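Participant: Below are the sequence and a predicted model for it; my questions follow.
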Amino acid sequence: MHVALRAIGTNYVTDHFGRFLPPAPSDDARMDEILRLIDRGNARFKLAGTDWASGAEQHRILVDNPAELYGF
């Protein structure tokens, strides 16, 4: 799947349906691939859960990223 995602030339969002079943640990190679996709600048991944970010990181995820992605 990551090959197909790398080929996308426009901005895109993968929501929670893109999750791994069963959940993948943070040191899983697939998580590294998600980070590489994000580093390209056109991929966004929605997060689920309650214990994932705080402070400036939460602001970047919930405010800055959507503003950049949707142009507001």
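Facilitator: That came through, no problem. Numbers count the residues shown, from 1 in each chain.
Participant: Just give the nearest non-adjacent residue to the residue nearest the centre of the chain, would you?
Facilitator: Nearest to the mean C-alpha position of the chain, counting by Cα atoms, centre = their mean, stands residue 45 at 2.4 Å. Closest residue to residue 45 apart from its sequence neighbours, by Cβ to Cβ, 6 or more residues apart in numbering: residue 14 at 5.1 Å. In short, each C-beta sits where N, CA and C put it, glycine included.
Participant: Check residue 36 and give its pLDDT.
Facilitator: Per-residue confidence (pLDDT) for residue 36: 90.
Participant: measure it to residue 30 for me?
Facilitator: Relative to residue 30, residue 36 is positioned 11 Å away (Cβ to Cβ, to the nearest Å).
Participant: thinking again about what came up before, let me see the contact set for the residue nearest to the centre of the chain.
Facilitator: By Cβ atoms under 8 Å, 6 or more residues apart in numbering, the contact list for residue 45 reads 13, 14, 15, 18, 34, 37, 38.
Participant: could I get these as TSV with secondary structure and distance to residue 56?
Facilitator: Output for these, formatted as TSV (DSSP: H, G, I helix; E, B strand; the rest coil; distance: Cβ to Cβ, whole Å):
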residue	secondary structure	distance to residue 56
13	strand	22
14	strand	24
15	coil	24
18	helix	25
34	helix	21
37	helix	23
38	helix	17
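Participant: I'd say residue 37 and residue 44 touch.
Facilitator: No: with contact defined as Cβ atoms under 8 Å, residue 37 does not reach residue 44; the gap is 9.4 Å.
Participant: so residue 46 sits right up against residue 34, yeah?
Facilitator: No: because the distance of 11.7 Å does not satisfy Cβ under 8 Å, residue 46 is recorded as not touching residue 34.
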